[in-house]
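Novice: turn this into a structure:
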Amino acid sequence: MDRFRELSVFVAVVDAGSFVGAGDALRISKAAVSRCVQDLEARLGARLLQRTTRRLSLTEAGRAYYARARQLLADLDEADGAVGAVTGQPVGRLQVNAPLSFGVRYLAPLWGDFLARYPGIELDVSLSDRMVDLVDEGYDLALRITRLQDSSLVSRQLATTRIVMCAAPAYLAQHPAPQRLADIAHHAVIAYSYAQSGDVWRFVGPQGVEEEVQTRPRFRANNGDTCRAAALAGQGIVMQPTFLVGDDLAAGRLLRVLPEYGGVEVGIHAVYPSRKHLSLKVRVLLDYLAAAFATVPWAECEAVERARGRLRP
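Specialist: Below you'll find the predicted structure:
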């Protein structure tokens, strides 16, 4: 078997944590993955993985081999990129991570056009709201919708969105509408599991001072669309970005709660490990995304909310 194929399969197994996960990532069967790893271990004369019914773990030899294998595959990608730099055409595998709801709603419609423009690029997109480690997990670029805190990464802001508090008319008809921020503590709350501040909700108050309230979630989910669906079903108050709930606010399916508390603005960033030796494939993706999000569909909703005095400039 091709030795680079062996490297790729072995690295995929370690990254996925299972033969099944590696097979899914590489689009081959679990049996083919297992056979490849067995052949690799036989050729090397060393066991690289400890296998149990519950998990896989690297042996000492496996850890050393994995580190070198990852580097060799990275060098191969860099060699592909060097060719692209000479020819002016980006080539190679491009691994991208993005939040699930944003990726489905706003990125999925872009990938076909992007691949048509750059036929030399092989695109591998992973959608997860979990904060991935770009370096350790091998991503070339990730999209993050947050106030960036990790200074070890380089970022390019593509757009902004506002985090707003809202609920369905059905919920507000059955529960006294909050009159002050402290009232939120006594309401059913729909919480986003990956929120930076946890169950503490923070806002800029009417006096321009940041205020916060400790919430008691009735429902919790690690995906924004799931939180939105629970809010639309009248199950409580939700705090979500306008890119997700903007259409619902415009249509009256959701209503702002305590609109005098200004929605917090967060950036939609493309982040990547280093500005040095930025490959052509990453550069063209950055430029493509910047152009795609030069204007955003949720801006109209924010403009209406701002005209109503519910969002601060």
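Novice: hang on, Pro178 packs against Glu260?
Specialist: No: counting by CB atoms under 8 Å, Pro178 stays clear of Glu260, with 11.0 Å between them. (C-beta placed from N, C-alpha, C; glycine too.)
Novice: out of the two, which sits in the more crowded spot?
Specialist: The neighbour comparison of Pro178 against Glu260 (other CB atoms under 10 Å) goes to Pro178, with 20 against 14.
Novice: quick one: contacts for the more buried one?
Specialist: By CB atoms under 8 Å, 6 or more residues apart in numbering, the residues touching Pro178 are 184, 187, 237, 257-258.
Novice: before we move on, what about Val104?
Specialist: Taking CB under 8 Å, 6+ apart as the test, what Val104 contacts is 127, 225.
Novice: how near is it to Asn223?
Specialist: Going from Val104 to Asn223 by CB to CB, to the nearest Å gives 10 Å.
Novice: and for Phe243, the neighbour number?
Specialist: Per other CB under 10 Å, the neighbour tally for Phe243 reads 24.
Novice: which residue ranges form the helices in the stretch 201-313 of the chain?
Specialist: Under the criterion DSSP state H, counting those that start in this stretch, the stretch 201-313 of the chain contains helices at 224-232, 242-251, 280-292, 299-307.
Novice: need the ones you listed in a markdown table with mean pLDDT and distance to Gln95, can you?
Specialist: Output for the helices of the stretch 201-313 of the chain, formatted as a markdown table (pLDDT from 0 to 100; distance: least, CB to CB, whole Å):
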| stretch | mean pLDDT | distance to Gln95 |
| --- | --- | --- |
| helix 224-232 | 97 | 23 |
| helix 242-251 | 92 | 24 |
| helix 280-292 | 95 | 10 |
| helix 299-307 | 67 | 30 |
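Novice: of those, which is nearest Val14?
Specialist: helix 280-292 (23.6 Å; CB to CB).
Novice: tell me how far that closest one lies from the chain's centre.
Specialist: 17 Å (CA atoms, centre = their mean, to the nearest Å).
Novice: with stretch 146-161 instead?
Specialist: For stretch 146-161, the distance to the chain centre is 12 Å (CA atoms, centre = their mean).
Novice: for Ala22, what are its contacts?
Specialist: Counted by CB under 8 Å, 6+ apart, Ala22 has contacts 9, 12-13, 15-16, 33.
Novice: going through those, which ones are buried?
Specialist: 9, 12-13, 16, 33 (16 or more other CB atoms under 10 Å).
Novice: closest one of those to Gln214?
Specialist: Within the buried ones among the contacts of Ala22, the smallest distance to Gln214 is 38.1 Å, found for Ala16 (CB to CB).
Novice: Cys166 reaches Pro259, doesn't it?
Specialist: No: Cys166 lies out of contact with Pro259 (CB under 8 Å); the separation is 9.1 Å.
Novice: returning to what we had before: between the contacts of Ala22, which sits nearest Ile268?
Specialist: Asp15 (26.3 Å).
Novice: I'd say that closest one and Glu137 touch.
Specialist: Yes: under the criterion of CB under 8 Å, Asp15 makes contact with Glu137 at 6.7 Å.
Novice: could I get the pLDDT score of His277?
Specialist: Looking at His277, its pLDDT reads 63.
Novice: can you offset everything so residue one is 84?
Specialist: All right, first residue 84 from here; so that's His360.
Novice: looking at Cys249 and Pro342, which is more packed in?
Specialist: Using other CB under 10 Å, the more surrounded residue of Cys249 and Pro342 is Cys249, with 24 against 16.
Novice: what sits against the residue nearest to the more buried one when sequence neighbours are not counted?
Specialist: Nearest residue to Cys249, sequence neighbours excluded (CB to CB, 6 or more residues apart in numbering): Leu337, at 4.3 Å. Contacts for Leu337 (CB under 8 Å, 6+ apart) come out as 249-251, 314-315, 321, 328, 331.
Novice: now do Trp194
Specialist: 206, 208.
Novice: now it: how far from Ile204?
Specialist: Using CB to CB, Trp194 is found at 10 Å from Ile204.
Novice: next one: Phe326
Specialist: Phe326 sits 26 Å away from Ile204 when distances are taken as CB to CB.
Novice: and if you look at Ser357?
Specialist: 19 Å.
Novice: also Asp308?
Specialist: From Asp308 over to Ile204 (counting by CB to CB), the distance is 28 Å.
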